[in-house]
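Trainee: Below is the sequence, then the predicted model.
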2 protein chains.
Amino acid sequence: MEGDICDPDRAAYPRIFPPREAGESDHQPFERCVNFPVSVVLPAAGTGERTGLQTPKQFCSFLGRPLISYTIQAFERVSWIQSIVVVVLKENMALMTDIIQRFQHRKVRVVPGGSTRHRSICSGVLALGELEGEESHAAVQPKVVIIHDAVRPFVEADFLYKIAMAAKEQGAAGAIRPLVSTVIATTSEGYLDHSLDRAKYRASEMPQGFTYDVIYQAYQRCTESDFDFGTECLHLALQYCGVSAKLIEGPPTLWKVTYKRDLAAAESIIKETLSRSACVVTGASAQAVTLAGTLQKAARTWDMELNVIPDLKGDNGSYLLTEWNFILVSGSLPCLSEVEAILTDFKAANRAPLHPFVIVWVHLSSSDELSISRTMAEQVAIMDLASAAKLQNIFLYGIQIHQSKDAEHWERSVLRVTEITSALIRERSPALVGQLLQA
Amino acid sequence: MEGDICDPDRAAYPRIFPPREAGESDHQPFERCVNFPVSVVLPAAGTGERTGLQTPKQFCSFLGRPLISYTIQAFERVSWIQSIVVVVLKENMALMTDIIQRFQHRKVRVVPGGSTRHRSICSGVLALGELEGEESHAAVQPKVVIIHDAVRPFVEADFLYKIAMAAKEQGAAGAIRPLVSTVIATTSEGYLDHSLDRAKYRASEMPQGFTYDVIYQAYQRCTESDFDFGTECLHLALQYCGVSAKLIEGPPTLWKVTYKRDLAAAESIIKETLSRSACVVTGASAQAVTLAGTLQKAARTWDMELNVIPDLKGDNGSYLLTEWNFILVSGSLPCLSEVEAILTDFKAANRAPLHPFVIVWVHLSSSDELSISRTMAEQVAIMDLASAAKLQNIFLYGIQIHQSKDAEHWERSVLRVTEITSALIRERSPALVGQLLQA
């Protein structure tokens, strides 16, 4: 993607990766809380038939993680959501359990689903009802149930709050969006009959919220035909409980991953969100501090905020828990032990492996012969180190910048360091780990 | 995107980049032709207001080219389409003219547009009517006019054929798609009134086709209110000409680039399409031929077809006109003159710069001291060469593979060459050109 593409989505994804990790229950700053128990049902038993995917799309991965884990994370980081029931096909129970373990999800229970969307959601709702007896330490029967699609990973806490509050008040609430295309009625022979007035209609999206009683009763009362052919929970609430849902206009971030191209779109959003900041560690070298300052200035033009610190000790250690990108700048006597040290720090921090970490090791080098053969040795050493780090989902790259007294040459090199660093962080390419690039 | 994502779109984009270049009018193999004149109107005067983009999205670029140029290319490669009128805001006339020149579009005329969608389309239709007198050498007044969105770049020749034929027969025809969400009617207070039966409705998409007479008359007869607030041409044809459009279900490739994330999706489709094949040039070295054979085998597992040839002379020169990726494999006495030669060949081929070319220079190297200092010199030389090539939209990268008698070590290196080559071709990263990577 080029620099000249402006960014309407950017404002829309401010809290995808708040400083706190998924799974921690601390309140977000400014997070609005509900004061009643809320749980979530994520139907994920779809087979992806409609889109022709072999792997159902909720299990397709990007950046090393399945889509459904991103969606779970979106709910786990909301403090007032007490539990999440994921409904999957019986044959995917083991796969789903493995995903929960690998990405350290903590609020999730997996239950086997039915053969249709309504049957799966119903299984999830019933499972929530059983929570009280079975795991009374974990959760109480929810007042409100939020139903969401496993393939809409970018839902935000603010909107969930609105849905939960409206559901409690009205019995049912659902997200709507403006229609993107004109909706037309067709004759049985395939000709235009009439087109609808766009202003009077909306697309019904997810999430939706219901009081537990309403959604439970709706499923108790509905017919086999509803279970087999229906898709709209709001319709069941209206027909069987007389509850007319409150409709709330949602943001564009509610979009649904449907085609393979949407996975690329989701990946691009995650990559961009991960690339908004980096931590620059300079050590004590004056040259390194100067270079870091230049990088910091350049980074502003490519929309990345760099925090320059001397080391990761003391309070600075908290970056290990919040930052996904590290740039280590070494002075003229580079030594890979600095890289080894940060890798050890990472291991000690024991962070949930939600995304690949990026470490870019930038080192200043003189151009003499000694340095040349050292370079070759370094190339081997950094490749070995990177291969080991990759197993822990840490992507390590090197950039060598050659000192020069020619000001123009030096400026060009510094510019190249910034371009390469930016590209490495944005692209997160697994194939290029361990390379020692030249600036 | 990971290897475990399967690919429903793949089958859907078979002819995005046929062997022939855009702009050439030779018939595609199996292309079905219409025997009446067809022209196209592309309204592109939108300001992107709805999505909050600063640059209207039709002018946003990926892989160095604005979206609208991809859409124009989709029509230019259809032999039976005689001309394309692009309607833009007056202030974008110069920008659009520049795009047409830069990417060597040949069937396109730019006209200034109106303040609404219907006014812009009407301007385009009127401009087509003027063609006969003004440029009688170029085109005659079309029998059928196809109207399409500038932001739906993946429309295919086959579907255009269906629309054109149905339009000629019925007077009007339009693409439809199944509804992706339930459509609901809301009460004035924002509550659910009722939901529509999905089976009875469709989303109206683009392209649409009309006989010239129908679309011309529709715009002659419609009201100012239609011009100001309407959006649906099929509706005008029905209301003012009594023509009930034939509706044709289109493929998912008709999707519309709406949000920034859709630009990433479009980029991913283009990148993937560009990465389906590469040409491997080996020279006479036996070692190079062996390595090329190994690469060729490996490439099958990452869905890329490699054509191995000794050089680009004679018939093989045609690859310069059809292939976007070249892998040069050099024997143990590598010499950058091979790279220089291919760059000269590229220049001579004078191909429309529709996409960035990728050249990956793979060279076998021995590990002695002499080779080490040669490596440093090569690093400088390849960087200079790459910087110059980049100006011509050619991305040059190097990979050095060190000879080894240790079979395991050698295998690992070869595997790395394939991984890096695949990543370089797929990612087409401008920041990494000129790097000499280590396998």
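Mentor: In hand now; what should we look at?
Trainee: any idea where the strands of the stretch 201-350 of chain A begin and end?
Mentor: For the stretch 201-350 of chain A, the strands defined by DSSP state E, counting those that start in this stretch occupy A:201-211, A:246-249, A:277-281, A:305-309, A:325-330.
Trainee: Neighbouring strands - and their directions - for the longest one?
Mentor: Sheet neighbours of strand A:201-211, with direction, are listed as strand A:144-147 (antiparallel), strand A:172-177 (antiparallel), strand B:182-186 (antiparallel) (DSSP bridges).
Trainee: who wins for proximity to residue B:348 among these?
Mentor: strand A:172-177 (52.4 Å; Cβ to Cβ). No exception for glycine: its C-beta is placed from N, CA and C like everyone else's.
Trainee: can you list contacts of the closest one?
Mentor: With Cβ atoms under 8 Å, 6 or more residues apart in numbering or on different chains as the test, strand A:172-177 has contacts from A:159, A:162-163, A:166-167, A:202-211, A:214-215, A:233-234, A:237-238, A:241, A:243-250, A:252, A:254, B:181, B:184, B:186, B:192.
Trainee: about what we covered before: looking at the strands of the stretch 201-350 of chain A, spot the one closest to residue B:72.
Mentor: Across these, residue B:72 has its closest neighbour in strand A:201-211 (30.6 Å, Cβ to Cβ).
Trainee: Now do the strand or helix carrying residue A:364 and strand A:325-330, the angle between them.
Mentor: Assigned by DSSP states H and E, residue A:364 belongs to strand A:357-365. Counting by axes from the mean of the first three to the mean of the last three Cα atoms, to 10 degrees, strand A:357-365 lies at 20 degrees to strand A:325-330.
Trainee: I'd like to check the angle between strand A:357-365 and strand A:277-281, please.
Mentor: Going by the same axes, to 10 degrees, strand A:357-365 makes 40 degrees with strand A:277-281.
Trainee: who does strand A:357-365 touch, helix- and strand-wise?
Mentor: Judged by 3 or more Cβ pairs under 8 Å, 6 or more residues apart in numbering or on different chains; DSSP states H and E, the packing partners of strand A:357-365 are helix A:286-301, strand A:325-330, helix A:337-349, helix A:369-390, strand A:394-402, helix A:407-427.
Trainee: Check these for me and report the most buried one.
Mentor: With neighbours defined as mean count of other Cβ atoms under 10 Å in any protein chain shown, the helices and strands packed on strand A:357-365 peak in mean count at strand A:325-330, which reaches a mean of 25.
Trainee: Direction included, what does that strand pair against?
Mentor: For strand A:325-330, pairing defined by DSSP bridges yields strand A:277-281 (parallel), strand A:357-365 (parallel).
Trainee: Quick one: those as TSV, columns for mean neighbour count and mean pLDDT too.
Mentor: Rendered in TSV, the data for the strands paired with strand A:325-330 read as follows (neighbours: other Cβ atoms under 10 Å in any protein chain shown; pLDDT from 0 to 100):
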stretch	mean neighbour count	mean pLDDT
strand A:277-281	23	96
strand A:357-365	24	93
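Trainee: need the ones you listed in TSV with distance to residue B:315, can you?
Mentor: Shown next, in TSV, are the strands paired with strand A:325-330 (distance: least, Cβ to Cβ, whole Å):
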stretch	distance to residue B:315
strand A:277-281	50
strand A:357-365	45
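Trainee: about what we covered before: quick one: buried ones out of the contacts of strand A:172-177?
Mentor: Neighbour-count burial (16 or more other Cβ atoms under 10 Å in any protein chain shown) is assigned, among these, to A:159, A:162-163, A:166-167, A:202-211, A:214-215, A:233-234, A:237-238, A:241, A:243-248, A:250, A:252, A:254, B:181, B:184, B:186, B:192.
Trainee: Give the other helices and strands that the helix or strand of chain A with the lowest mean pLDDT contacts.
Mentor: One helix or strand of chain A scores below all others by mean pLDDT, DSSP states H and E: helix A:369-390, with a mean of 81. Applying 3+ Cβ pairs under 8 Å, 6+ apart, one finds that helix A:369-390 contacts helix A:337-349, strand A:357-365, strand A:394-402, strand A:436-438, helix B:369-390.
Trainee: Report the angle between that helix and helix B:407-427.
Mentor: Here the directions of helix A:369-390 and helix B:407-427 differ by 80 degrees (the same axes, to 10 degrees).
Trainee: Contacts only, for the most centrally placed residue in chain A.
Mentor: With distances taken as Cα atoms, centre = their mean, chain A has residue A:70 as the residue nearest its mean C-alpha position (4.5 Å). By Cβ under 8 Å, 6+ apart, the contact set of residue A:70 is A:153, A:266, A:270.
Trainee: Sketch out the low-pLDDT regions of chain A for me.
Mentor: For chain A, the stretches with pLDDT under 70 are A:1-29, A:49-53, A:131-139, A:332-334, A:367-374.
Trainee: tell me the domain boundaries of it?
Mentor: As assigned by automatic domain parsing, chain A contains the domains A:10-259, A:275-438.
Trainee: Please list the residues of the stretch 101-250 of chain A that sit near chain B.
Mentor: A:170, A:172, A:174, A:176-177, A:179-187, A:190-196, A:198, A:200-205, A:231-232, A:234-235, A:238, A:244-248 (Cβ under 8 Å from any Cβ of the partner chain).
Trainee: Sorry, slip of the keys, the one I care about is the stretch 251-400 of chain A.
Mentor: A:252, A:255-256, A:258-269, A:369, A:372-373, A:375-376, A:379, A:383.
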